[in-house]
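Engineer: Fold the following and give me the result.
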Amino acid sequence: MTDDPATVLSSPRRTVAETRSEFSEICLPNDTNLLGNMLGGHVMHLVDVCGAIAAMRHARCAVVTASVDHMTFLHPVQIGSLVRLRSQVNRVFRTSMEVGVKVWVENLLTGEVKHTSSAYLTFVALDQAGNKIVLPALHPETGEEFRRFEEAGQRRAYRLAQKEGTRQGG
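Structural biologist: Numbering: from 1, shown residues only. Model (predicted):
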């Protein structure tokens, strides 16, 4: 694991804005269930891809998905609709970072847009040999970015407590 203090101190800070990613895709028949709605697994795949783009924009190296917090599907994405995703890094820890992804569905005929899903993903940065690496710091600039930064810390504490409870057989 790369943990040289000189490397950590010389790592550039990146802003949240530098990590933002947007991704869109039309819902086609191959992506749907028998009701003509995009498969939940396909939505989850798109969330993972969009989240990974934001994570890679921050890390500037390979990243892997370590976890996904729960995901709720509020509205279906029907054939012919546009699914739109937006992601950003919310907080960087040491070798991992939390990325928030929000999903909307847009009816291209009416222009109606609905929020359909949100998720928080944890990505870990890896070097070419597959070893974890220390990430550059994240620099929130707006009130909203600071709020997300703080909430990401709370979610991480909860995830770590859950993980510890699982290890102890609880």
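
Engineer: Name the residues that touch the lengthiest helix in the chain?
Structural biologist: Counting by DSSP state H, the longest helix found in the chain is helix 143-167. With contacts defined as C-beta atoms under 8 Å, 6 or more residues apart in numbering, helix 143-167 is touched by 16, 67, 69, 88, 90-91, 93, 98, 100, 120, 122, 138, 140. (Glycine included, C-beta is placed from N, CA and C.)

Engineer: Quick check: buried residues in it?
Structural biologist: Applying a neighbour-count criterion of 16 or more other C-beta atoms under 10 Å, one finds 145, 148-149, 152, 155-156, 159 buried in helix 143-167.

Engineer: cool, and stretch 71-82?
Structural biologist: By neighbour count with 16+ other C-beta under 10 Å, stretch 71-82 contains the buried residues 71, 76-77, 81.

Engineer: Closest one of these to Gln168?
Structural biologist: Nearest to Gln168 out of these is Met71 (C-beta to C-beta; 26.8 Å).

Engineer: Assumed the closest one was part of a helix.
Structural biologist: No: applying DSSP: H, G, I helix; E, B strand; the rest coil, one finds Met71 to be coil, outside a helix.

Engineer: mind checking how far Glu98 is from His58?
Structural biologist: 11 Å (C-beta to C-beta, to the nearest Å).

Engineer: Of the two, give the one with the bigger neighbour count.
Structural biologist: Neighbour totals were compared for Glu98 and His58, and Glu98 leads with 28 against 24 (other C-beta atoms under 10 Å).

Engineer: thought the more buried one was touching Leu135?
Structural biologist: No: using C-beta atoms under 8 Å as the test, Glu98 is too far from Leu135 to be in contact (11.4 Å).

Engineer: what about the protein, any weak spots by pLDDT?
Structural biologist: 1-11, 170 (pLDDT under 70).

Engineer: Pretty sure Phe23 sits against Leu82.
Structural biologist: No: taking contacts as C-beta under 8 Å, Phe23 lies outside contact range of Leu82: 11.0 Å.

Engineer: Lovely, talk soon.
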